[in-house]
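Undergrad: have a look; sequence and predicted model below, questions after that.
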Amino acid sequence: MSHSEPDMMNSLEENLFREISEWLALWHRFRVLTLIFTFSILIVVRTVARLRHNRQKLSGSPRPASPAHSLSSAEEKWENPVSGDPVSPNRKSALKSLPPKRVIGTKQTRSATAARVNGTNGSPTGPSRIQVLVFFSSLTGNTEKSATEFTRKLSASLKATALGSWEPLEPQLHDLSYIDYDDYFISSPASPNSHPNTEYFYLFLLPTYNIDTVLNTFTAHLQETHHDFRIDTAPLSSLLGYSVFGFGDRQGWPSEQEGFCSQALEVDKWMAKLTGKKRAFPLGMGDVSLDASERLDEWRSGIVEMLREAATNGGLGEGVVGSGDALESDEEDIDSGELVDGQTVPGDIGKSRTKRRRVVREAAVDDVEDLGRLLQKGAGDIVGELPNHAGPIAIDFTTYGKGPLSTTPPLKEMVPKSSPTYTALTKQGYTIVGSHSGVKICRWTKSALRGRGSCYKFSFYGIKSHLCMETTPSLSCSNKCVFCWRHGTNPVGTTWRWKVDPPEKIFEGVKDGHYRKIKMMRGVPGIRADRFAEAFRIRHCALSLVGEPIFYPYINEFAAMLHKEHISSFLVCNAQHPDQLAALKPVTQLYVSIDASNRESLRRIDRPLHRDFWERFQRCLDILREKRFRQRTVFRLTLVKGFNVEDEVQGYADLVEKGLPCFVEVKGVTYCGTSSSAGAGLTMQNVPFYEEVSEFVVALDRALRKRGLSYGIAAEHAHRTLSPAKEQETWQTRDGDNLTLASCCILLASTRFLINERWHTVIDYSKFFELLESGKEFAPEDYIGPPTPEWANWGNGGFDPADTRVYRKGGSKGSLRIGEGVTIGSGVLIGLNEDEGQDGGCG
Ligand SMILES: Cc1cc2nc3c(=O)[nH]c(=O)nc-3n(C[C@H](O)[C@H](O)[C@H](O)COP(=O)(O)O)c2cc1C
Ligand code: SF4
């Protein structure tokens, strides 16, 4: 039987209808699942695509035009933001398709940097180019205006400065609101292929806002980059360097603690981390309502000078912690305990000190016993040369009225470069100049550079520590004092038997050494740009470092050179060379160390080499008495408990009566923890507490009055700590270095300096030079300056309120003695050198 055509059609339609119904039923049954699945797939695909896009930005997305940047005509064409090479549109799309890139910033080693600069690492040599990038941000336009002007001036200065073989490129200005941070702050720009030796240098000009601005985003970016596990912690370490200048307003934010320039500080901190501490110049700060443009000009000059030096030396050169040496890896935060001078990190303090002591122990002591051995061994090696001076002679300071020696032994250098003494002294931070002079910056200079206080000479006499150079033209002396912080490494002797360097050589050498040390401070966190700039004009010289300055045969010529450059002179001698003291021409202030009040005590403390030491000492007091109307004279007393304090007040009063000094400075001994001091029986128990020093001064004052002598307690510089009995009153300071130090000095003055019931201990330095240059005789009263500041008067502490006292974070509440060592980490007791812990200067 066959089906008709309409039947067949019906059956087909039925089948189709059934299938559609089944599909619809299936759809209704699974539609939710299907939709979810489809959306999931779409989301995954989209996320992957976005991720790929973002990672490609690391290697090269076009940089959006910056309005400020367009000030420079050099930036018309599109460049590879990393290398700076021009990129064709085709190359751009090729860059986009690159796979995600891991960004690696290599920490530069000294040798690598040198090799890069010299082209000895296989990279092409040829003249280097310096590309300065100036980044700024601005809300109300002030910083933008300053940055534009700054860049223009910088460009002119760079063109006018001899940068050796380095070619300065036109500085580029970038507004942080418009650039892509990834282009500049994830890795250092690479040199363009056409100029493989391009060095990049970043400058930042930043205002501070306590409201949310682009700077918050920027600092967050720096912070994230530092912490990003895909990126090395110092990815910008191949920059030549960086520096930051902040604009703030002291009217609303008077101090850094209250937020002045806080965002510039923040950026400076993160950049130090990202560059591996390549802060090439200190953070500058300017008050927009007072001195911003002046400070900015100063800062610019400093930057140009630094670049000039970098060009000359082939890099930033040496620096102390945090100053441009990528190898330094300790924490940026100074409060975490950075030893500025010792290049030591907290955990290493014990180790480093131990090492230092070992070096010192290994160093042979050039003391009097060694002299014979040295002379025998090295006789005839070295003959001194004194161009323009009276030839090398063996000078015996210690014999009276003798003619020249009949036989002149061949002379040798006091501290030859090859000697262990030289090694030990340089390790301790001295710069040895010529063969017998030294210079070192003391911790107060560093402290003042950070705005954290000057030494007692500022409180008493108006000397700013960052303008002060501490030096000696003779590392040798004729005592072996128990408290000497020379670690027994210095040469001693009763006669000068060494080659004599000419004063010009010493003068130039010590200035150069001092400035070099100051320069090395440029990258230390907290250094104030204004003080840093000022520090390159020495105004004072403390001739007191170690040794005996008047031992040097040309001390008068040396002092004259200081005075010619209007550098005041404070000279400390140890009262063992009366002839030289008598022949000394006026200095700004003349000191004699009074280490004991009687013969036996002096013998025990100073361990003098001269047999007639007490007679010499007495003669020096007579000479000082004679000089008291021609220059300011000072007794410097160093109290050592158990040696020269107890029952000696009357003895000291006798000495004051004999010498009638203008001033008596009293300080407590600093324990230096060396084997020499331990060998002499000196321990921490010999270090007096602050109130013990004060009690002594009060008793001495009383004793002087009883004798009818007109003296009074004028001033103090008390970085004090109190004894455990007064522990609740204890506060601890941390001035500059990482250790909490106590330091105190109290000044008794003759009433010649009490005018209208006010002490006048400060010096009028200009007047001093004027009087000196007049050639006429003058008296100390002729160069008295303004009254001693109120805050320095006895009982007021002596800390300049304009500076910032820094309290140690989490510091122990226990009491430290003056100059006491502290126990750190592994429990090593660290002795402090006097120059680290106290007021520098010998005696
Ligand atoms: C709202 C506001 C907040 C500020 N906050 C601070 C501050 O916390 N610390 C500071 O030193 N200056 C502060 N300043 C001062 C600015 O940093 C200063 O005026 C600066 O020159 C502004 O730069 P600009 O004009 O480039 O935006 C503030 C100013 C304003 C208007
Ligand atoms: S301690 Fe001495 S060297 Fe240091 S700043 Fe004071 S005076 Fe100058």
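TA: Sure, I can see it. Ligands and ions are numbered 1, 2, ... in the order given.
Undergrad: and the host helix or strand of Glu691, what's buried?
TA: Glu691 is part of helix 690-706 when elements are defined by DSSP states H and E. Neighbour counts over helix 690-706 (16 or more other C-beta atoms under 10 Å) mark 690-694, 696-697, 699-701, 703-704 as buried. C-beta here means a position set from N, CA and C on the backbone, and glycine is covered the same way.
Undergrad: between those residues, which sits nearest ligand 1?
TA: Each of the buried residues of helix 690-706 was checked against ligand 1 using C-beta to the nearest ligand atom; the closest is Tyr690, at 36.7 Å.
Undergrad: by contact count, what packs against the helix holding Glu691?
TA: Judged by 3 or more C-beta pairs under 8 Å, 6 or more residues apart in numbering; DSSP states H and E, helix 690-706 is in contact with strand 632-639, helix 649-659, strand 663-668, strand 711-719, strand 743-750.
Undergrad: what's the closest of these to ligand 1?
TA: Closest to ligand 1 of those is strand 711-719 (C-beta to the nearest ligand atom; 29.3 Å).
Undergrad: returning to that earlier point: the helix holding Glu691 to helix 649-659, inter-axis angle?
TA: Taking axes from the mean of the first three to the mean of the last three C-alpha atoms, to 10 degrees, one finds helix 690-706 and helix 649-659 inclined to each other by 50 degrees.
Undergrad: with just CA atoms, put helix 690-706 into PDB.
TA: Coordinates of each C-alpha in helix 690-706 appear next as PDB, following Å, rounded to 0.1, in the frame of the first residue of the first chain:
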ATOM      1  CA  TYR A 690      75.800  64.700  85.500                       C
ATOM      2  CA  GLU A 691      74.800  65.800  89.000                       C
ATOM      3  CA  GLU A 692      78.200  64.800  90.300                       C
ATOM      4  CA  VAL A 693      79.800  67.200  87.800                       C
ATOM      5  CA  SER A 694      77.400  69.900  88.900                       C
ATOM      6  CA  GLU A 695      78.100  69.300  92.600                       C
ATOM      7  CA  PHE A 696      81.800  69.600  91.800                       C
ATOM      8  CA  VAL A 697      81.300  72.900  89.900                       C
ATOM      9  CA  VAL A 698      79.200  74.400  92.700                       C
ATOM     10  CA  ALA A 699      81.900  73.400  95.300                       C
ATOM     11  CA  LEU A 700      84.700  74.900  93.100                       C
ATOM     12  CA  ASP A 701      82.700  78.100  92.700                       C
ATOM     13  CA  ARG A 702      82.200  78.300  96.400                       C
ATOM     14  CA  ALA A 703      86.000  77.700  97.000                       C
ATOM     15  CA  LEU A 704      86.900  80.500  94.500                       C
ATOM     16  CA  ARG A 705      84.500  83.000  96.100                       C
ATOM     17  CA  LYS A 706      86.000  82.100  99.500                       C
END
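Undergrad: between it and strand 663-668, how many degrees?
TA: 150 degrees.
Undergrad: where does the stretch 351-500 of the chain dip in pLDDT?
TA: Within the stretch 351-500 of the chain, the stretches with pLDDT under 70 are 351-409, 485-490.
Undergrad: please enumerate the helices of it.
TA: The residue ranges that make up the helices of the stretch 351-500 of the chain, judged by DSSP state H, counting those that start in this stretch, are 368-378, 420-427, 443-449, 456-461.
Undergrad: helices along the stretch 151-300 of the chain, start to end?
TA: Using DSSP H, counting those that start in this stretch, the helices found in the stretch 151-300 of the chain span residues 181-185, 214-227, 262-274, 292-313.
Undergrad: tell me the pLDDT at Glu773?
TA: In this prediction, Glu773 carries a pLDDT score of 97.
Undergrad: repeat that for the one 3 residues further on.
TA: At Lys776 the predicted local distance difference test score is 95.
Undergrad: Glu224 and ligand 2: what is the separation?
TA: Applying C-beta to the nearest ligand atom, to the nearest Å, the value for Glu224 to ligand 2 is 42 Å.
Undergrad: burial measure for the residue of the stretch 351-500 of the chain at minimum distance from ligand 1, as a count.
TA: Taking C-beta to the nearest ligand atom as the measure, the point where the stretch 351-500 of the chain comes nearest ligand 1 is Gly451, at 15.7 Å. By the criterion of other C-beta atoms under 10 Å, Gly451 has 20 neighbours.
Undergrad: repeat that for the one 3 residues further on.
TA: Other residues lying near Ser454 total 24 when counted by other C-beta under 10 Å.
Undergrad: do the same with the one 10 residues further on
TA: Using other C-beta under 10 Å, Lys464 has 19 neighbouring residues.
Undergrad: could you do Pro196 as well?
TA: Neighbouring residues of Pro196 were enumerated by other C-beta under 10 Å; the total is 17.
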